[in-house]
Every structure is written in structure tokens, then in C-alpha cells.
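Visitor: Turn this into a structure:
(chains A and B)
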Amino acid sequence: MNAMPIDPPPALISARRLTKTFGNFTAVRGIDFDIRQGEILGFLGPNGAGKTTTIRMIMGLLQVTSGSILIKGYDSRTERGRIKRFLGYMSQKFFLYPLLTAEENAEFFGGIAGLDASTIRRQGERLREQIGAQRTRLKVQDLPPGIRQKVALHVCLMSEPEIILLDEPTSGVDPEVRREFWLEIYRLKKRGRTIMVTTHNLDEAEYADRILIINRGEIILTGDPQELVERRGTGTIEDLFKEAVGRHGQN
Amino acid sequence: MIRLEHISKNFGAIRALDDVSLEIPPAAITILAGPDGSGKSTLAKVLIGRIQRDSGSILIDGQDIGKEFSRITAIAGYMPERFSLYPDLTVEENLNFFSDIHQVPLRRREEMKKRLLEKTGMLPFKNRRAGALSGGMKQKLALSAILLASPQLIILDEPTTGVDPLSRIEFFAIIEELKQEGRTILISTPYLDEAEKGDYIVFLKNGRILRQEPIDELKRNFPARLFRILPTGTPLAALERWRESGAGGGALFLRGRYLRYLQESAEHGLPAIPARDVTQQEPTLEDIYIYYERHAD
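Guide: Next up, the predicted model:
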């Protein structure tokens, strides 16, 4: 395959020597990584590896201890208000309010995101088109998982964020719904959105352009998941993961 | 051998289980797989008597147990989806407590505890409070607690939901050992990649069985063929063009740099997509589930 040399798209998120300590415990140990515009990055690791801490630092919810993280060139330590506008967050399980209807959830989160009334109304119409008017009036807890997921993604995208953080986005949904969900993510990528996904479902990591495995606060493997598996010769991402973490040692 | 025959269960207007019949083969891993709301947890709970079935029978070695669930609980250990141990007790205290509940003889207790803690890799954590364990360790402790009673049948309801990948791998290694010891294992899971680790699969959808078969037979007899296509252009553009063309004969999906094409009949050939590489691959349980779901009606 002859690839023409082209400039890679600019880094939208750029972490340098990023470190976070909690008392004596170092959760993230001076990691460097870039996420480029239009990239789908799979962020993997065992519990306690530092995934959530890193995501929270990206979102500006946790103070960086040392090092830096820049989002579109803005420093997460000082420009949190500005950075918030670029970020959308979605999780399949713990995100929407189960006792509010789909419509009420959308209005609530639209309000939090600072959208004006006409935008919220317009977005409400889009939601009705996507899942049907009747369903928007049902409590989220009464919606089937696939529809709940559509509502969650809709809510995440209402403020048209450039960077989308997906936290376990597809657990418990139909396999076909899951594949359609990923198709939607690829469409977002095509429109230039940047996506960072954390998942415990290693087969889902195959959807990413690049994976980044973190263990004990350090990045231990990064690359195109398909290439990594092919280079290894046989097996799956699960085998890769097991090997990488095994070599590096567990907590 | 345990059989469930024509089990149905309604919750109000919702039909959670609809005429479900299945056999749980001994000394093997049977997987109940399906999305949330497909009925897999309800089925596990009906079997153990935590939920009353509306109709249908449960048979052990051909004998209908009626409502005598003690006949199941005498041989089975059930691990619910949510962590069910005492968070304020240590790992060891929890095991002591469950040894009492299961009436494990005192002289066997220490040996059992030690063996289980070793098997699950929990020995270094025996003095840790259960509430302070990671998700994966909690599940290993919960499994140990039911293993104290040496159950012949082990029923695990979504044991790895929300558990990190490494712990999931370790958990299944323990399950495999239990199978080698001759235990019968029933696991419900929404993860079809995990289901590949079973011997028998029961696909559930909306309270009904889509398909049940030994996994190797299911794969051998699968009527469609799977191809991995590396398109010359972007996979998304190729997929969207293919969908717009209304071409039939199979299903096309995106997966990273590749497209996956499930060819449902050979006469349709492969999709007309300019490709750098086309490779036939073994279908995964996810491919197979989607196929049978599409052909369910």
C-alpha cells in the first residue's frame, strides 16, 4: 500500500507529562498522548488504571497535578469554561434521569449546556423524528435499551460538540443496534468530530482507529488495533490486552 | 440433567418469558445471551425460584419439581447480578459467614477457604473490606461464597457486567476450571464475545428463544458466509453507497478499517465494492445472533 505523505490533522487533545496524584497514590504517571481531529480513539485499561482520572482531567472535573492537557490549544487548568463547549459526554448506563421522559431529559441537559429556547425546541423536534413522538413522552426507564441509547447520544450531541467522550456506550444493547450506533459514530467522524471511547468490551475496541491501553497510570500500548492484532499474527484484541497488561504487571 | 419446559412469565402487560424450553447439559457451560430486557435474568431467577413462573415445568432428571425449589437450591449456587455480600465485612469474614449459612463442617472450612482464595487469586486481599474491592474482585468473592457449598450447578447472572477486561478474562479462567471439575454452569451475559467461551448457547430476544445449540454446531451449520472486505475508499462511503443501491443478498457492516459482509445466499455473490482485500472469516456469535434475529419472523 503506497500512502501519499500528507500532514496529519492537528491534535485536538494533547497531553504532556500528565500526572495526577491523590495523596500518596499516583493515578496517572506523566503520560503523553495526542488525539487528532476526526480520530476515534479507544481508551482501554483495567479498573484503577487511570482511565476515569484521565477523562475527568480532560473534562476539567479534576485538577491536573503536574504536566498539561490542552484541548484545542486551551489549557484545561485555566480555561475550563471554554473547553466545556467543545466536549460532549455520553454513557449508556448512568447518565439520563430514568424518571424523566426522553423529552424532559433533553430539555434539562440542553438547559445545562446553555442552549437557548429555540435551539432546545428545534432539538426536541429532531428527537421526535429520531425515536417517534410517542416515545419522547415515555420515562427513560420504560424505553428499550436501544432507544435509550439513541436518546443519550442525541442529548450528548445537542450542543454540537467537536469532541465526543463515550463511556461504555453500548453495554446491554442489541448487537444490531450496536452496529448501527457505531455507524452513526463513523458518520460523526466523517463530519470531522473527534471521538474518545472507553469500554470494557474489548471486541468493541476494533471500531477504533487507534487504541491506547493504560495500566497503573502508564500508557503501555498504542496503535491501530487491526494492525496490532495482525502484527501479532493470531488472536484478538483480548489476547493483545492480556499480554500487554501481563508484561507490565498488575496493581 | 435439568430441563425447563414451556416456561412463561408476565410482569403486568410485559411478557418477560414466552414459552421457553431448554436443557442445561451437565459438565458444560451454557450461555444465556441477549440484550437487556431479553429475559435472560428472569429465566435464571425462575430456575432458582426467586421469581414464580406463570406456567411451565422445571425437571431434574426427568422429574417435575413443581414448587419444590429446595430440590434446585440443594444442588445449585446462584450469583445475582448485583453484588450481594456484606461490604463492611472483610473478604474472609464474608466467607466465614457464608460457610455458616451453607453449614460447611468446621474441619473442612479452613481448607475450603484457602483453596477458594488461592483459586481466585484473592488470598492477598483476605483482610480487605468487601466494599473496598474492585468490581472484578467483588465478583470473584461472590463466586467464592457460592462455591463454599460445593454446588453441582452454578448459576451466574451477568457476572461480568461492568467488570474490567482483565478481571473478566480471569473470571472466565476460573469458570473453565469449574467446568473441568465436572460442574454444570449457566451464565447469562449481554456480551456475545464472552459467550464464545461457552459450550452451549441460548439466544434470547424479547422473552423468546431465537436459537439454542452447541456453539460448534451452530457455527458449523450456519447457512451464511462471512467476508471481511478492505475497501479501496473509506468503508463508510462504500457502505452508504451499497445501502443506497438497495442491493440484497446479505448484510454489510462497518468494523474499523474493514467492512464485514454476511452473505446470506451464494447466488448473490459479493457486494460490488472496489476492494484491496477480501477474506472469508469464521462468523462470530454476534454475526450469528444478528442473522437469526433478522430471520426470526
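Visitor: Which of the helices or strands spans the residue lying closest to B:Arg294 once chain neighbours are set aside?
Guide: Distance criterion CB to CB, 6 or more residues apart in numbering or on different chains; nearest residue to B:Arg294, sequence neighbours excluded, is B:Ala251 at 7.2 Å. (C-beta placed from N, C-alpha, C; glycine too.) If you go by DSSP states H and E, B:Ala251 is part of strand B:250-255.
Visitor: List the beta-bridge partners for the residue nearest to B:Arg294.
Guide: Beta bridges link B:Ala251 to B:Leu262, judged by DSSP bridges.
Visitor: count of neighbours near it?
Guide: A count of nearby residues for B:Ala251, using other CB atoms under 10 Å in any protein chain shown, gives 18.
Visitor: Show me how far the strand holding B:Ala251 is from its chain's centre.
Guide: The chain centre lies 25 Å from the centre of strand B:250-255; the measure is CA atoms, centre = their mean, to the nearest Å.
Visitor: mind exporting it as PDB, just the C-alpha atoms?
Guide: Extracted C-alpha coordinates of strand B:250-255, given in PDB (Å, rounded to 0.1, in the frame of the first residue of the first chain):
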ATOM      1  CA  GLY B 250     -26.800 -10.100   2.700                       C
ATOM      2  CA  ALA B 251     -25.900  -7.600   5.400                       C
ATOM      3  CA  LEU B 252     -23.000  -5.200   5.300                       C
ATOM      4  CA  PHE B 253     -21.500  -3.700   8.500                       C
ATOM      5  CA  LEU B 254     -18.600  -1.500   9.300                       C
ATOM      6  CA  ARG B 255     -15.800  -2.500  11.600                       C
END
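Visitor: where exactly do the helices run in the chain?
Guide: You didn't say which chain, so I picked chain A. A:51-58, A:80-84, A:102-112, A:117-131, A:133-136, A:145-157, A:175-190, A:225-232, A:237-248 (DSSP state H).
Visitor: think we crossed wires, I meant chain B
Guide: Listed in chain order, the helices found in chain B under DSSP H are B:40-48, B:70-73, B:91-101, B:106-119, B:135-147, B:165-180, B:192-195, B:215-220, B:235-245, B:285-294.
Visitor: could you dump those helices to a markdown table with mean neighbour count and mean pLDDT?
Guide: Below are the helices of chain B laid out as a markdown table (neighbours: other CB atoms under 10 Å in any protein chain shown; pLDDT from 0 to 100):
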| stretch | mean neighbour count | mean pLDDT |
| --- | --- | --- |
| helix B:40-48 | 23 | 95 |
| helix B:70-73 | 14 | 92 |
| helix B:91-101 | 19 | 94 |
| helix B:106-119 | 14 | 90 |
| helix B:135-147 | 23 | 91 |
| helix B:165-180 | 18 | 91 |
| helix B:192-195 | 23 | 91 |
| helix B:215-220 | 14 | 96 |
| helix B:235-245 | 15 | 92 |
| helix B:285-294 | 20 | 92 |
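Visitor: Identify the residues contacting residue 242.
Guide: In the absence of a named chain, this looks at chain A. A:Lys242 sits next to B:166, B:169 when contact means CB atoms under 8 Å, 6 or more residues apart in numbering or on different chains.
Visitor: let's do chain B instead
Guide: B:252, B:271-273.
Visitor: Likewise for B:Glu92?
Guide: B:113, B:117, B:126-127 are the contacts of B:Glu92 under CB under 8 Å, 6+ apart.
Visitor: A:Ile220 too?
Guide: A:Ile220 touches A:213-214, A:244-245, A:247-248, counting by CB under 8 Å, 6+ apart.
Visitor: one more time with 6 Å
Guide: For A:Ile220, the contact set (CB atoms under 6 Å, 6 or more residues apart in numbering or on different chains) comprises A:213, A:244, A:248.
Visitor: The first one: neighbour count?
Guide: Using other CB under 10 Å, the number of residues around A:Ile213 comes to 26.
Visitor: do the same with the second one
Guide: Using other CB under 10 Å, A:Ala244 has 16 neighbouring residues.
Visitor: Next, work out how far apart it and B:Pro25 are.
Guide: The gap separating A:Ala244 from B:Pro25 is 36 Å, by CB to CB, to the nearest Å.
Visitor: And the first one, by the same measure?
Guide: Applying CB to CB, the value for A:Ile213 to B:Pro25 is 37 Å.
Visitor: ditto for B:Glu5
Guide: Taken as CB to CB, the span from B:Glu5 to B:Pro25 is 16 Å.
Visitor: ok, the closest residue to chain A within the stretch 1-150 of chain B - how many residues close by?
Guide: Across the stretch 1-150 of chain B, the shortest distance to chain A (CB to the nearest CB) belongs to B:Asp36, at 3.8 Å. Number of residues near B:Asp36 (other CB under 10 Å) recorded here: 19.
Visitor: and if you look at B:Ser265?
Guide: B:Ser265, neighbours per other CB under 10 Å, totals 12.
Visitor: before we move on, what about B:His6?
Guide: Around B:His6 there are 13 residues (other CB under 10 Å).
Visitor: wait, isn't it in contact with B:Asp19?
Guide: Yes: look at B:His6 against B:Asp19 with CB atoms under 6 Å: they come within range, at 5.4 Å.
Visitor: List phi and psi for the residue in the stretch 51-200 of chain A positioned nearest to chain B.
Guide: Proximity of the stretch 51-200 of chain A to chain B (CB to the nearest CB) peaks at A:Gly172, 3.8 Å away. As for A:Gly172, its main-chain torsions (degrees, to the nearest 10) stand at phi 80, psi 0.
Visitor: Pull the contacting residues for it.
Guide: A:145, B:36, B:190.
Visitor: For the helices of chain B, could you give me CSV that also reports distance to B:Leu32?
Guide: Below are these laid out as CSV (distance: least, CB to CB, whole Å):
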stretch, distance to B:Leu32
helix B:40-48, 4
helix B:70-73, 16
helix B:91-101, 25
helix B:106-119, 24
helix B:135-147, 17
helix B:165-180, 14
helix B:192-195, 9
helix B:215-220, 13
helix B:235-245, 32
helix B:285-294, 12
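Visitor: nearest to A:Val197, of the ones you listed?
Guide: helix B:165-180 (13.8 Å; CB to CB).
Visitor: can you tell if the closest one touches chain A?
Guide: Yes: Helix B:165-180 comes into contact with chain A (CB under 6 Å from any CB of the partner chain), by way of B:165-166, B:169.
Visitor: A:Ala49: which of these is nearest?
Guide: Nearest member of the residues of helix B:165-180 next to chain A to A:Ala49, counting by CB to CB, is B:Leu166, at 9.1 Å.
Visitor: For the closest one, which non-adjacent residue is closest in space?
Guide: A:Pro46 (4.2 Å).
Visitor: in the stretch 51-200 of chain A, what spans have low per-residue confidence?
Guide: Along the stretch 51-200 of chain A, the parts satisfying pLDDT under 70 run over A:92-94.
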